[in-house]
Structure formats: C-alpha cells, structure tokens
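Engineer: Using only what follows, build the 3D model:
(chains A, B and C)
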Amino acid sequence: MTIKRSRAAYYGKKLLIFLVSVILLSMTVFVISRLTPTDPLQAYYGERTEKMSVEEKEWARNKLGLNDPIPTQYIRWAQNALKGEFGISYKYKQDVVQVIAKRMNNTLILGGIGFVLTFAGSLLLGILCAWFEDSWLDKLLCKLGTIVSCIPEFWFSLVLILIFCVQLKWLPSSGAYSVGKADDLMDRIIHLILPMIVVIIEHLWYYAYMIRNKILEEVRADYVLLCKSKGLSKRQIMFRHCLRNILPTYISLMAISVPHIIGGTYIVETVFSYPGIGTLSYESARYADYNMLMILCMMTGITVIFFNIIGQIINERIDPRVKANEVVETSEVSEG
Amino acid sequence: MDNAIVTVKNLTHRFRLSKKTVIKAVDDISFTIQKGEIFGLVGESGSGKSTVARCIMNIYQPTAGEILFHDVNTCDKTAFRQNRKLLQTARQLIFQDSASSLNQRMKVADIIAEPMKINHITPPRGSYREEAAFQLRYVGMDENYLDKYPSEMSGGQRQRVAIARALSMEPELLVADEPIASLDVSIQAQIVNLFKHLQKEHGFSILFIAHDLAMVEYLCDRIGVMYRGKLVELAETAELFAHPLHPYTQMLLSAIPYPDPIRERNRPRMNTEDMIFDTEGTFREIRPNHFVLTKEAAL
Amino acid sequence: MTDQELFTQVGIREEKASAAAVKSKRSLPIFSIAVLVLIILGCLLADVIATKDPAYLDLMNYTKAPNGEFLFGTDTLGRDIFSCIWHGGRVSLFIGFFATLISTTIAVVYGSISGISSDWVDTAMMRVTEIFLSVPGLLVILFIQAILGDATVVSLSVVIGITSWYSIAKVIRTEVRQIRKSEYVIASQCMGGSFLHVLWHHLAPNFISAIMFMVVMNVRSAIASESTLSFMGMGLPLDVISWGSMLSLSERALMTKAWWIILIPGFFLVVLLVCLTNIGNWLRQTANRKESNL
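Structural biologist: The predicted model follows:
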C-alpha cells in the first residue's frame, strides 16, 4: 500500500516538474520573442508595411492585439492555447495548426526514420568496434568516425549535393517530392536519400563510440572472466551478458536524444529546401510570426522536457543508485 | 572552573534525513574543557562524537543549546561574526582521514601556509616557506617534504602535515576528530606521542576523539563517554578506569585487550552486539568530579 | 613448469597489450598540434602569406578555378580564395576562442554558485538551464541576434558564447558539489577561507582538469557554429571574411559547379575541427588517467 502511494507520489512529482517546466518555457519564449525588435507586421503584410502610414500600422497592431502589455498578451494566449486555439500565422494567414500539420509529416519521416537507423546503426557499429578492439578495423572506424563527426552538417550536405546532384546528376537536390508527384512513393524516397544520409551520419558516430566504450568497460569486469572460465564462448558472453547490461543505459540515452535527432533537422531541411518544421521555425523566428513561433517552440520544448523526464525515470528505475546518490548528496549524514 | 576554554551547555543536534526521519545525533549534552587539558571523547561509531566536534568548530549549527569559547557564544551568529578572527585562529581542527583533509593538488608548503595566508598573518620567520619548514620540523618531519604532494606521503606523514597546518596558527584549542583511527598501530603511537609532546610545549587544550580506549587512557586527562548521542559518563582518566559506573562504560573497558596473553585468554567477555543500554535519566555527580547518566540517585 | 607457464595456462590477462594501448592513448597528438599551430601561424601571418588583397573584388576574374595566379581560385565575387582563407581564418579562430572565453566564464560562475548553494537554489538553477536547453538552440541564437542588432565579429561571439555554456556549467556544478563536502574544504572554511579563496585554491584546480577538454571542444563547436550561422545568413555578412561567410557563397557556386568555392574553405574548416577534437580527446584521456587506472 505504501509502495503504491509512494510510486504515485513519485510520478506525481515528475508530472508537476513537467508542468512547471512547460509553463516557464512558454513564458520565456513569449517574453523573449516579444523583446526582439523585429516587426511582426512585416510578417503579416509583407512588403506593404513599408508603404503603410503610422495610423494604419497602429490600427493593425491594435487589431492583432500587439499593443497590450506583454502579461495581458500572454494570459490571452495561454487561455486560448488551453482551449486548443493557437491563433493564426501572420505569414500564412491560416490557423497555425493547419500550417504545421502539412509539414509535420515530412519532418517526422526524416527525423523518425533517421532516428531508428541511427539507433540500430550505432549499436551495430559499436559492437563491431568493441568485438575487434584495437584491430585495424576498430582503429580505422575510430579515426573515420572522429573525422566525420567533425564535419559541419551544412558542409556535408553541400558536398553530397555537389557530388550526387551536380556532378553525377543521380539524385534531386531539393524538396520532398517532384512537382505533381506528391503521392509517388519512389519519388519521395529518392528525395529522402541525401537528407537522411546527413542526419544519420551526423549522429551515428557519437552514439556508436559511446556504445563501444561502454562495452569495453563492461568486458573488463570480473564476471566476464568468470563466464570465460565457465567455458562460455565470446559471442555468448558478449550478447547474453555484456550487451544486456549496457542496453538499459543506452535506451535511456536514446530516449533523451529523441528530440535532438528528430527536432535537430532544420539545418538539413534548409540546405535541401525540405519543407518541414525546421524551415518553418526558422522563418517564424526570423519574421516574428509570434503564434507560429510559440506553438513550434512549445512542441519542441515539450518533447525535450518530456523525453528528459522519461530518461530520468528509466535511469532511476534501472539503477536505484542514481536516486540513492541524490539522497546522500542532499542530506548531511555524519559518522561518529 | 574559571579556567574553562570551552563550555558546552545542553547541546543538541538533529539531522533531517527526509521529511519524516530525523536523527538525534547529539542529545542534550554538557561538559567543559579546561585550559591546557586533553579531553577525550570516546564511544562507538555513530554515537555523535564527530558531530560534537563539528558543532564546536561551527561546521554545524546546533539545533539547541550553546557552546561558549572563552566567553563567546559561538552559536550566536552576531557574536560569531564579531569574534570571527579569534575563533578562526584560536580553534583548529584535525580530521580522521588525512588523505581527504589535505588538498591533493597542493604542495605541503602551501598546505601548511594556507591558514596564515587566509588570515593575513605575516610569517614570524620571514617567508611562508620558512614558516612551513619550521612547523614541519616541529612535528618531526624533514624539510625535504615541503615540495611533495600529499599522495606521495604515508598516512602518518600526512597526519603530521595536518597537525603542522593546525599548529601554524598557534591555537588555544585543537579539535582532533579521530586523528589516529586510520593509521597503523605503530604510527598511532607516534602521533599520540606527538600530541602529548606538543601539548606540553604549547600548553593548548585538545579535544581528542577516539574509539581506542588504550590510547585515550594514555593521552587524556579527562574522558567523556558517549552512547547514542548522550554523554553517559564523564570523569578523570584514572577515576574512570578504576570505577566505571555506567554499564556501557564497563562494557567498553572490558573490551580493551590486555597485552598479556594468559590474562587476555581468561578474561570474561560480554556479548557486545545485543546489548542495549538505557539512555534515560539525569546526569549526576556520583563521586567527586565523576558524572554519570543514571536514574537512581546513587550507585 | 615455471610460474609464467602456469599463469598462461589458467589465462593471465595480457599485460603487454594493455600497456601498449595505454601508451598510445596517452601519447601527445603531435600531428594534430602541428597542423593546428600551422593554421594559427598562417592566420597570424596572413598579411605576409596572402598573395592578393582578400577584400578586392576582381570583376574580371570571378569564379575562376585554381590556377597559377589564384592558387585556390576565386569566388563568385572575384575574391582570391587563397588570401581569404588566411584572413578569414583569423576571424573564425577569434570567434572560436572569444566565444569559448565568454561561455567558460559564465559556466564557471554559474556552475560554482549552483554547486555551492543550498539544495533548493541548486535545483532551481539547474531547472532553469534545462528550460533554456529545451528551446531549440538556433532559435535562441536568432532571438539574441535580433536583440543585439546587426551581426559583427564580437556580437556573434557573444551570441555563441551565451548559448553554449550549459554543459560545462553542469560538469563544474557536479564537481563542486562533490568536493565541497570534502574535509579539506571544510578545513579551509574553518580557518576562515572565504568563498573566493575556496573557489580559487581548492575547487578550481580540481574542476579545471575535468573541464579542459570540454573547453577545447567548445572552441571547436563555436567555430562550427560560426560557419553554420554565417552559411544560413544569420551570422557574419559577406564583406566580413570568415570561413563561414566564404561558404555562404556555396549555393551560387553549386549552380556553376565551382567546387573549389565549397571544398577548399570547408576542407580547412574540417581539418581545424579534427585537430581540435583530437587534442580535446587527448586532454580527456589524461584527465581520466587517475580514475580509469588501466
């Protein structure tokens, strides 16, 4: 009974932290975005703003509710947001949810598939390196990985475009599909190849190297020697024991990095002119498209906070020491 | 009793582990330390000895009670601030673990000179280095150690460095929190002898915390016995060892090994693990200068 | 049977291999350091090395492939890339170091304050950083850029600096929290050591080795951010030559297949980043030496 109650309290506390973080996040983004000197009217009226008189501008501002003090604006926004209304985009003159919904799929496909492939690929690569520790293969992969992870995303994309689109003319260089072929699966896949390669390569080595080192640490443990003396084969020890021990930490790590991989595609999207959330958020921040900006920031922010907390919970569930350490750290336990 | 350097009155300290659990580490204890006296505090692990030491050194703020150093109430924040300089120089602390009480990244010379630098004391012997060398010789070590790091020395040497650091301030009170517990037996004897020797030369007071009764008997003038946060017995060394009154003290004394194998073998043993002693009662003077925590008026 | 044979039969762990591995791990990355020094020297001596005025727009010779006169060719505006590399390297390196200086300073102050304060303040401070972290980095940079006005070398460094201190601050905070309860810090406080004294003499020497590699990595990521931002049009304008702003011409270069405009500055950029990474990794391994005990 007490265990159940304490577990409820535990999740309740996490939920509370989540809610407070989300509220603070929305306030921060709201206030900061309004402090920037960019004129939101520019997003709404485009080039016409330059020709508008002062009175006209004033009228437009009043209409958009931009003249109220920031707290009033925030409260109004928050009330609407709770009802599920996030306002209209100044630039697209449409409900922001509609604008985003169109593009959401593209980003989810790019980031989601990229994430899964990164996850699987890094695991394979990590095991491969650890298996052949200190061999030429391991050394080569380590060197290669270090170099690849240093290449800036945008430059890597440029080089790929240069090779495969400009020189070889094998693949298209921009967009998510050719004009009029939105439903053609093959066409979509062809457009996805290059951006996907960039997304995967950029993250792959970071995780693969981490796995490699974790396995190497694990292989040095004494129980491996025991397994060996019992006569287990290298494969059995590696897959039945070592991997099983590191997987939970790896999974929690991956949970934390979900938003980074899925949400971190805006540079790729920009270079490849891929119509996704990334390009949208870049535009909205650039042109002070407030409502759009808010919902995008909230979406990415909420996923980050959410997956962070998930990662924490996984960690604490697998490894009670994480929590125990906190307790020791927070209270002064004396001896003697 | 005018000569008291430290007066502890009804000291209580609680640790809050979580919202519900509170641990009474020190529970309503009172004693005094005289000028030039070596006062021993003994008891098993977790009995609150170190907490007393840390309260005296103002590391912990006591939950209740007061501690007077000379006439200064150190628990009072304004009084502490007014006498900060005096309190920080006149009281010095030596820890149990010499490895962690010395910064691994500092050289011995810098470690010994640190308190002088902090308190902006101009070194009486020219430079800080000279002063450090002097203090080092004083605790029986070579000047060659000045440029060594703590990790290059043995536990006994490190403890000597810690003592030299404390001595460089010429303190009136030295609080030694189990200074010999983590040392080899042969080194323990050296350090205890060093304490005895230094005390004779300087004439400062020592609060010596230990759980080795033999060492305490050899070194201390008076002894307080602590048990579960309570001070259960307090007497002069000879008196305490001759007439232990509290059952816990009796048990402790019975556990001292004799350096005589035949006598040692025939000694009656108590099963110490299941014993729980009463911590109720009041602190009374049963014999002259001999205080015991007891319920009955006389034993 | 000798002892050695006996041990080989029951399977002694190979000492030699691990010792060699440790040695190779610890050895100085001489090659990386040499290349880094060469690049830095080249940038410092840019005025001597450069064959042309990097800012001169040679309208007759735009988008020329590398040849005898223009060693690395010219860009779409007719600037000599060889000269631009060395002059632009100055800006890129300056931003790298200056931004790191800013971020490290913020990290040290924030991390030590958070580490030394009470649990409540500490938790609050760490939550705040987490919230900042959950705003996409690029957007934060855009906001700050908008507030600071037009991008200059200094303002860009500031922007990169104030958006990249979280991880270092976190490490410092953890280190400080571990050390602050240690007995020598308590001893120092008992002797009357003030907060600054404890920070400078006891805490800093301990966390410096832990953050050294992060600082080097920070230089690396600052340089990378500069190039990315400039490329995306949020960083330095075209007339301020840096490796990033040189690369911002690439879209135009792609149309004319002018590979040298993209590949050459990018190559220098990647080489620099790889060198910094190698040095950083080496620093991390030396810092961990005591713990790993391999």
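
Engineer: Which element, helix or strand, includes residue 226?
Structural biologist: Answering for chain A, as no chain was given. Assigned by DSSP states H and E, A:Leu226 falls within helix A:222-230.

Engineer: Chain C was what I was after
Structural biologist: helix C:204-231.

Engineer: thinking in terms of the whole chain, how far from its middle is that helix?
Structural biologist: Offset of helix C:204-231 from its chain centre (C-alpha atoms, centre = their mean, to the nearest Å): 3 Å.

Engineer: which strands and helices sit next to that helix?
Structural biologist: Applying 3 or more C-beta pairs under 8 Å, 6 or more residues apart in numbering or on different chains; DSSP states H and E, one finds that helix C:204-231 contacts helix A:153-160, helix C:81-116, helix C:153-162, helix C:166-180, helix C:243-247, helix C:259-287. All C-beta spots, glycine's among them, are computed from the backbone N, C-alpha and C.

Engineer: Tell me which of the ones you listed sits most buried.
Structural biologist: Sort these by mean neighbour count, taking mean count of other C-beta atoms under 10 Å in any protein chain shown, and helix C:243-247 sits at the top with a mean of 28.

Engineer: Show me what it is packed against.
Structural biologist: For helix C:243-247, the packing partners by 3+ C-beta pairs under 8 Å, 6+ apart are helix A:153-160, helix C:81-116, helix C:204-231, helix C:259-287.

Engineer: Report the mean per-residue pLDDT for the helix holding A:Leu226.
Structural biologist: Averaged across helix A:222-230, pLDDT comes to 83.

Engineer: What of stretch B:234-252?
Structural biologist: 84.

Engineer: ditto for stretch B:48-62
Structural biologist: Stretch B:48-62 shows a mean pLDDT of 85.

Engineer: between the helices and strands packed on helix C:243-247, which one is nearest to B:Thr21?
Structural biologist: Proximity to B:Thr21 (C-beta to C-beta) singles out helix C:81-116 among these, at 25.9 Å.

Engineer: can you give me the mean pLDDT across the helix or strand following the closest one?
Structural biologist: Per DSSP H and E, the first helix or strand lying C-terminal to helix C:81-116 is helix C:119-134. The pLDDT scores in helix C:119-134 average 81.

Engineer: repeat for stretch B:201-219
Structural biologist: Stretch B:201-219 comes out at a mean pLDDT of 85.

Engineer: Tell me who's in contact with A:Ile305.
Structural biologist: A:Phe18, A:Ser21, A:Val22, A:Leu25, C:Glu130, C:Ile131, C:Ser134 (C-beta atoms under 8 Å, 6 or more residues apart in numbering or on different chains).

Engineer: Buried ones among those?
Structural biologist: Buried subset of these (neighbour count, 16 or more other C-beta atoms under 10 Å in any protein chain shown): A:Ser21, A:Val22, A:Leu25, C:Glu130, C:Ile131, C:Ser134.

Engineer: Contacts only, for the first one.
Structural biologist: By that I understand A:Ser21. Residues near A:Ser21 by C-beta under 8 Å, 6+ apart: A:Ile305, C:Arg127, C:Glu130, C:Ile131, C:Ser134.

Engineer: hmm, back to that, run through who's touching the next helix or strand after the helix holding A:Leu226.
Structural biologist: For helix A:222-230, the following helix or strand on the C-terminal side (DSSP H and E) is helix A:234-236. Residues from elsewhere that reach helix A:234-236, judged by C-beta under 8 Å, 6+ apart: A:Cys227.
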